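*Asks:* Need coordinates for the following:
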Amino acid sequence: MQFTLSTGNGLERRIEVAIPHTRVSGQVERRLRELSRTASLKGFRPGKVPLPVIKRQFGDQVRGDTISELIRESFNEAIDKEKLRPAGGPRIEPISLDEGNDLKYAAVFEVMPEVTVKPVNELAVDRPTVDVTEADVDGMIESMRRQRVEYRAVEREARNGDRVNVDFQGRLDGTPFPGGEGKDTPFVLGSGRAIADFEAALLGMKAGERKTVPVTFPANYAAKELAGKTTEFDLAVNRVEEEVLPAVDDEFAQAFGLSEGGVDKLREEVRASMEREAGEAIRNRLKTQVFDALARENPVDLPKSLVDEQVQELQLDLLRRSGRQVTDASQLPPREPFEEPARRRVLLGLLVGEVIRREGLQVDRERVRTRLDEIAGAYPNADEVRRAYLQNPQALGQIEQSVLEDQVVEWVTGQAKVTDRPVSFAELTGFNAQG
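*Replies:* Have a look, this model is predicted:
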């Protein structure tokens, strides 16, 4: 076998390979003879089919299979000799496949880039710190109360926070329009789930009252025939109900699965959960900062094939999460929104992999067990979830990769310039007790 290597743009390489026709014909002949000893054709006893018949019946198929195997073998041999690391499979360009001539082809592919990570001791990283306060716990318990809100009918006028049951009929230029009618429809005032003019008109109304009001739809309203238009609505209030929040007592604690310990135990559990959430948020924010800094300081020429793979993976992931199945590439969403996230994924994969390789980092098995316990502990059937992960190499591998990434972050922050910045629980997690 002979081959020549040439360099294209960036990471692209081209290998032209020539394999003597005698090697090709020899392998074809050998395979045909082997086949003649096992083939079963009508009119012949098994293993007794004459070689000329075998050649007529299977010659083209055997030659095609032989050429494919020789291309694979010779390509692997060439990249081994040149010590190349392909970033993806090659594009094969046939040059000469004719019987009786040397087999010649070209393989075009990208190689993995050289990756170097600059010293990280000059990187500046802000590390958030948080103390979960009693006020934070109060806010979380208030949010839990709102999860169990009930409503009680009142005779007074409607206020923000009340639930109002309404019959309504809308008209545009005097004509009812689709979606503009409702019966016994509840609206919680102040929730922002109704058009502003509609909700404002309900404020101050009592059960049994009726009125007709103008309602202007927002300019960006989804139904374009209504966007920016002023309509007229007939409103009839059936009921006004005020919200009733449960008392924070032993019964309330039991509603959240605590059969013993009452409110004190509930507060203890809530605090522990908030501290776990804060720890996860700190870990994620710190990881984002470190990865942003690594990507900014260490540009790498990225193989297009790897970026393309990640683009497609992101496209498919979006469709999977929306419950859609893809049977054809034309069904994939547009590529452009996924291009930069895909490039970032590939770049960080290369940089993190280089840090792991250079520093000899090994996944911390104890951390993997702890992370698995944290994940399983969020489910009522924790033991089942844990077993499911342990029996699924792919799912377990994702946990291991996450732990390794955390170890890379710790290695970086152990050398970088890290400044601790206190933040509130709400600022760190985006928690809103009223939300």
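
*Asks:* what's the neighbour count on the residue nearest to residue 51 when sequence neighbours are not counted?
*Replies:* Once flanking residues are discounted, residue 51 sits nearest to residue 36: 5.3 Å by CB to CB, 6 or more residues apart in numbering. Any C-beta I mention is one placed from the backbone N, CA and C, and that applies to glycine too. By other CB atoms under 10 Å, the residues close to residue 36 number 20.

*Asks:* Wait, residue 36 touches residue 52, no?
*Replies:* No. In this structure, residue 36 sits apart from residue 52 without contact. The criterion is CB atoms under 8 Å, and the distance is 9.8 Å.

*Asks:* Residue 235 contacts residue 214, doesn't it?
*Replies:* No. Residue 235 is beyond contact range of residue 214, at 11.6 Å (criterion: CB under 8 Å).

*Asks:* Quick one: classify the residue nearest the centre of the chain as helix, strand or coil.
*Replies:* Among the residues of the chain, the smallest C-alpha distance to the mean C-alpha position (CA atoms, centre = their mean) belongs to residue 317, namely 5.8 Å. Using DSSP: H, G, I helix; E, B strand; the rest coil as the criterion, the local structure at residue 317 reads helix.

*Asks:* Repeat that for residue 259.
*Replies:* What three-state DSSP gives for residue 259 is coil.

*Asks:* now it: how far from residue 300?
*Replies:* Separation of residue 259 from residue 300 (CB to CB, to the nearest Å): 56 Å.

*Asks:* Among the two, which residue is more densely surrounded?
*Replies:* Using other CB under 10 Å as the criterion, residue 259 and residue 300 rank with residue 300 on top: 19 against 9.

*Asks:* Contacts only, for that one.
*Replies:* Neighbour list for residue 300: 113, 115, 347, 350-351 [criterion: CB atoms under 8 Å, 6 or more residues apart in numbering].

*Asks:* Restricted to helices, list those.
*Replies:* Judged by DSSP state H, the contacts of residue 300 include 347, 350-351 as members of helices.

*Asks:* Could you dump these into CSV with neighbour count added?
*Replies:* As requested, the ones in helices among the contacts of residue 300 are exported to CSV (neighbours: other CB atoms under 10 Å):
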residue, neighbour count
347, 21
350, 19
351, 20
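
*Asks:* Tell me the one among the residues you listed nearest to residue 202.
*Replies:* For those, the minimum distance to residue 202 (CB to CB) is 52.7 Å, reached by residue 347.

*Asks:* For this structure, give me the ranges with low pLDDT.
*Replies:* Counting by pLDDT under 70, the chain shows low-confidence ranges at 43, 45, 433-435.

*Asks:* Tell me where the stretch 201-350 of the chain has strands.
*Replies:* 210-216, 230-244 (DSSP state E, counting those that start in this stretch).

*Asks:* Residue 146: which of these is closest?
*Replies:* strand 230-244 (8.4 Å).

*Asks:* elements contacting the closest one?
*Replies:* For strand 230-244, the helices and strands in contact under the criterion 3 or more CB pairs under 8 Å, 6 or more residues apart in numbering; DSSP states H and E are strand 150-153, strand 163-172, strand 175-188, helix 196-202, strand 210-216.

*Asks:* Taking strand 175-188 as reference, get the angle to that strand.
*Replies:* 20 degrees (axes from the mean of the first three to the mean of the last three CA atoms, to 10 degrees).

*Asks:* which parts of strand 230-244 are buried?
*Replies:* Applying a neighbour-count criterion of 16 or more other CB atoms under 10 Å, one finds 231, 233, 235-237, 239-241 buried in strand 230-244.

*Asks:* again with stretch 59-75
*Replies:* Judged by neighbour count (16+ other CB under 10 Å), stretch 59-75 contains these buried residues: 62-63, 66-67, 70-71, 74-75.

*Asks:* Check the offset of that stretch from the chain's centre.
*Replies:* Stretch 59-75 has its C-alpha centroid displaced from the chain centroid by 39 Å (CA atoms, centre = their mean, to the nearest Å).

*Asks:* export it as PDB, just CAs?
*Replies:* As requested, C-alpha coordinates have been extracted for stretch 59-75 and formatted as PDB (Å, rounded to 0.1, in the frame of the first residue of the first chain):
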ATOM      1  CA  GLY A  59     -18.600 -11.900  -7.600                       C
ATOM      2  CA  ASP A  60     -19.800  -8.300  -7.600                       C
ATOM      3  CA  GLN A  61     -21.000  -8.400  -4.000                       C
ATOM      4  CA  VAL A  62     -17.800 -10.100  -2.700                       C
ATOM      5  CA  ARG A  63     -15.700  -7.500  -4.600                       C
ATOM      6  CA  GLY A  64     -17.700  -4.600  -3.200                       C
ATOM      7  CA  ASP A  65     -17.400  -6.000   0.400                       C
ATOM      8  CA  THR A  66     -13.600  -6.600  -0.100                       C
ATOM      9  CA  ILE A  67     -13.000  -3.100  -1.400                       C
ATOM     10  CA  SER A  68     -14.900  -1.600   1.600                       C
ATOM     11  CA  GLU A  69     -12.900  -3.600   4.000                       C
ATOM     12  CA  LEU A  70      -9.600  -2.700   2.300                       C
ATOM     13  CA  ILE A  71     -10.500   1.000   2.400                       C
ATOM     14  CA  ARG A  72     -11.200   0.700   6.200                       C
ATOM     15  CA  GLU A  73      -8.000  -1.200   6.900                       C
ATOM     16  CA  SER A  74      -5.700   1.000   4.700                       C
ATOM     17  CA  PHE A  75      -7.200   4.200   6.100                       C
END
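
*Asks:* Can you give the contact residues for it?
*Replies:* Among residues not part of stretch 59-75, those counted as contacts by CB under 8 Å, 6+ apart are 1, 3, 15, 17, 19, 23-24, 27-28, 31-32, 35, 90, 92, 97, 99, 103, 105, 107.

*Asks:* same deal with stretch 349-357?
*Replies:* Residues outside stretch 349-357 that contact it (CB under 8 Å, 6+ apart): 112-113, 115-117, 291, 294-295, 298, 300, 302, 361, 404-405, 408, 411-412.

*Asks:* now do stretch 10-21
*Replies:* With CB under 8 Å, 6+ apart as the contact definition, stretch 10-21 has outside contacts at 1-8, 70-71, 74-75, 78-79, 82, 84, 87, 90, 95, 99-113, 301, 303.
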